[in-house]
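Novice: Here is my input; please provide its structure:
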Amino acid sequence: MKIKKQFSQLSYKEIKETIIHRKKYTNFNVLGLYRGILEHEKLTLDQKIELRDFAHEFFYKSYNFLQIKDPHTYYKHLILGEEETLTVADERQIWQDIRRNQEKILKEKRIKHRSFGIYSKHECNDEACPYQGVMFRQGSAYL
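Specialist: Numbers count the residues shown, from 1 in each chain. Next up is the predicted model:
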């Protein structure tokens with residue numbers, strides 16, 4: 001069975017049920033779940049925090065790996081509900097912790113490259129670049 005909508009289009013109850021019955025769905029994507037929670041416009045802040053905490057019960061290892069795969073999504077979930085109280089120093093400290101954790105995870109998993117996630121995409125300042133967002137191997141001439 002497949003999920004017919006994006007997570008950002010599902011209701012609060014549907015997202016919870018999808019998480020519980022995740023093994024039934026062939027196209028279930030943990031990264032998509034966490035991004036969908038952030039992008040969902042109809043959910044309140046409390047509902048987003050509840051869904052994040054509920055998802056952590058099932059996908060905490062995957063959530064921690066987001067530090068490497070998609071650190072910006074990880075950061076946004078980490079500060080969810082605390083955006084107004086963060087200072088610039090707090091933000092810098094969080095990003096330093098993320099970088100430190102990235103190195104630790106890469107070392108533990110014996111990964112010597114970063115050819116996945118946001119690190120494999122070509123991103124330059126030229127908006128007309130035909131390679132914008134295309135995935136290349138790290139260190140290639142196009143990156």
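
Novice: could you measure D46 against R35, distance?
Specialist: Distance of D46 to R35, computed by C-beta to C-beta, to the nearest Å: 19 Å. C-betas here are computed from N, CA, C, even on glycine.

Novice: Now the residue nearest to K16 when sequence neighbours are not counted: which helix or strand?
Specialist: Excluding its sequence neighbours, the residue lying closest to K16 (C-beta to C-beta, 6 or more residues apart in numbering) is F54, at 6.4 Å. Taking DSSP states H and E as the definition, F54 sits inside helix 45-69.

Novice: Please identify the buried residues of that helix?
Specialist: Within helix 45-69, the residues scored as buried using 16 or more other C-beta atoms under 10 Å are 47-49, 51-52, 55, 59, 62-63, 65-69.

Novice: Secondary structure element for the residue positioned nearest the centre of the chain, which one?
Specialist: Residue closest to the average C-alpha location in the chain (C-alpha atoms, centre = their mean): T73, at 3.7 Å. Element membership for T73 (DSSP H and E) is helix 71-78.

Novice: Quick one: mean pLDDT over that helix.
Specialist: Mean pLDDT, computed over helix 71-78, is 89.

Novice: what's the angle from that helix to helix 45-69?
Specialist: Per axes from the mean of the first three to the mean of the last three C-alpha atoms, to 10 degrees, the angle that helix 71-78 makes with helix 45-69 is 150 degrees.

Novice: All set now, cheers.
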